[in-house]
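Novice: Generate a structure from the sequence data that follows.
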Amino acid sequence: MKAVVLKAFGGVEQLVTEELPVPVITTDEVLIHVKAISINPVDVKTRAGKGMAGRLKEEKPLIIGWDVSGVVTEVGTSVTAFQKGDAVFGMVNFPGHGKAYAEYVAAPAAHLALKPANISHEAAAAATLAALTAWQALVTHAKVQAGAYVLIHAASGGVGHYAVQLAKHLGANVTGTSSGTNKDFVLSLGADQHIDYKREVLEDVAHHMDFVLDTIGGESIDHSLNVTKKGGTVISIPSGLNETVVEKAKAKGINGYFFLVQSNGDDMQHIAALLEKGILKSTVSQTFSFDRIGEAHLAVESGRTVGKIVVSC
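Specialist: Purely as a prediction, here's the structure:
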């Protein structure tokens, strides 16, 4: 099979296509003939030597990527949820060795869900790590309730555009930040208010938030704490909350913390149901062919992605 191997941490030139054996599955895995792959910021960071690089540096060959949608071609002897021919999708083995940049992927059945018939493999692959992050942040950790005031940073991005839709589904009043260029897109997702982070000061326009999802990190964590009410929650995805910020949050009576998304088939089934009903929709801004994964990385690396970047296999 063809696989894109990361020869060394560094630039996109380190992503090299090679011929490798088809994976051998264990009893609790299925073999997926991959139809689409999603590219995330963590893919880009890992390729460059950050992200999951520390966890994966001893793997040879190292095949990065975690988001797949495809068709089951083999089923492990203890797997009962899927059978050959099923279209499935999921985030595989995150934060471990996902090996998604390949024609065939061995995936734990417990990390997958059936792909809704009414969406493409590209839309399904998009709705894995990013949608899971939004689900686990809003539902699992923050337990957002109807009527809550929710602020989503980078609301036009991968995680953000799912988080806006999900927060609205949960009954929240949603404010999304993005550049003014993407205002209409953010509002089309269901956001009640939009903040142009380039032209507006967050503290001037946002107040008394129950929950803030920070997908940016850095200075935006402090700004987020300033607009969150006592007893509210701030979750930071990319960088975590350092001890100083945690202390600031505690001093304000705010819950501030970081979490790392985890592969979870049960959560994927919830996301599949929302996709099937049209409550959650994937926006795929660009699709690249398998031999152009390096270009897909550069598109994500630009930081200007609307929705998701997907590779079609």
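
Novice: Neighbours of residue 195, how many?
Specialist: Neighbourhood size, residue 195 [other Cβ atoms under 10 Å]: 24. Backbone N, C-alpha and C define where each C-beta goes, glycine included.

Novice: should've said residue 25
Specialist: A total of 22 residues lie near residue 25 under the criterion other Cβ under 10 Å.

Novice: likewise residue 117?
Specialist: Residue 117 has 7 nearby residues by other Cβ under 10 Å.

Novice: can you tell me which residues contact it?
Specialist: For residue 117, the contact set (Cβ atoms under 8 Å, 6 or more residues apart in numbering) comprises 87, 276.

Novice: So it: helix, strand or coil?
Specialist: Assigned with DSSP: H, G, I helix; E, B strand; the rest coil, residue 117 falls in the coil class.

Novice: gap between it and residue 53?
Specialist: As judged by Cβ to Cβ, to the nearest Å, residue 117 and residue 53 stand 37 Å apart.

Novice: now do residue 13
Specialist: Between residue 13 and residue 53 the distance, using Cβ to Cβ, works out to 17 Å.

Novice: More neighbours: these two, which one.
Specialist: For residue 13 against residue 53, the residue with the higher neighbour count under other Cβ under 10 Å is residue 53, and the figures read 16 against 9.

Novice: thought the more buried one was touching residue 9?
Specialist: Yes: Residue 53 is in contact with residue 9 according to Cβ atoms under 8 Å; the separation is 5.6 Å.

Novice: Quickly list what's touching both of these two.
Specialist: When contacts are counted by Cβ under 8 Å, 6+ apart, residue 53 and residue 9 have residue 46 as shared neighbours.

Novice: Run through the helices of this protein in chain order.
Specialist: Counting by DSSP state H, the chain has these helices, from start to end: 41-47, 53-56, 121-126, 129-135, 158-169, 183-188, 202-205, 219-226, 243-251, 265-277, 293-301.

Novice: Select the helix or strand of this protein having the lowest average pLDDT value.
Specialist: Across the helices and strands of the chain, mean pLDDT, DSSP states H and E gives its lowest value to helix 243-251, namely a mean of 77.

Novice: where's residue 12 relative to residue 307, distance?
Specialist: Per Cβ to Cβ, residue 12 is found 21 Å from residue 307.

Novice: and this structure, what are its domains?
Specialist: When the chain is parsed into structural domains using automatic domain parsing, the resulting residue ranges are 2-127+282-312, 130-258.

Novice: rank those by pLDDT, which is bottom?
Specialist: For those, the stretch scoring lowest in mean pLDDT is domain 130-258; its value is a mean of 93.

Novice: Straight-line length of it, end to end?
Specialist: Start-to-end span of domain 130-258 (Cα to Cα, to the nearest Å) is 15 Å.

Novice: Check the offset of that domain from the chain's centre.
Specialist: Relative to its parent chain, domain 130-258 has a centroid offset of 15 Å by Cα atoms, centre = their mean, to the nearest Å.

Novice: Touching, residue 12 and residue 297? I think so.
Specialist: Yes: proximity of residue 12 to residue 297 meets the contact threshold set by Cβ under 8 Å, at 5.1 Å.

Novice: out of those two, which sits in the more crowded spot?
Specialist: Set side by side, residue 12 and residue 297 give different neighbour counts by other Cβ under 10 Å, the larger being at residue 297 (22 against 15).

Novice: list the contacts for that one?
Specialist: Applying Cβ under 8 Å, 6+ apart, one finds that residue 297 lies in contact with 12, 15, 39, 43, 44, 47.

Novice: Kindly report the same for residue 26.
Specialist: Neighbouring residues of residue 26 by Cβ under 8 Å, 6+ apart: 76, 106.

Novice: Report how many residues lie close to the nearest residue to residue 175 once chain neighbours are set aside.
Specialist: Nearest residue to residue 175 in three dimensions, chain neighbours excluded: residue 193, at 4.3 Å (Cβ to Cβ, 6 or more residues apart in numbering). Around residue 193 sit 15 other residues, with neighbours defined as other Cβ under 10 Å.
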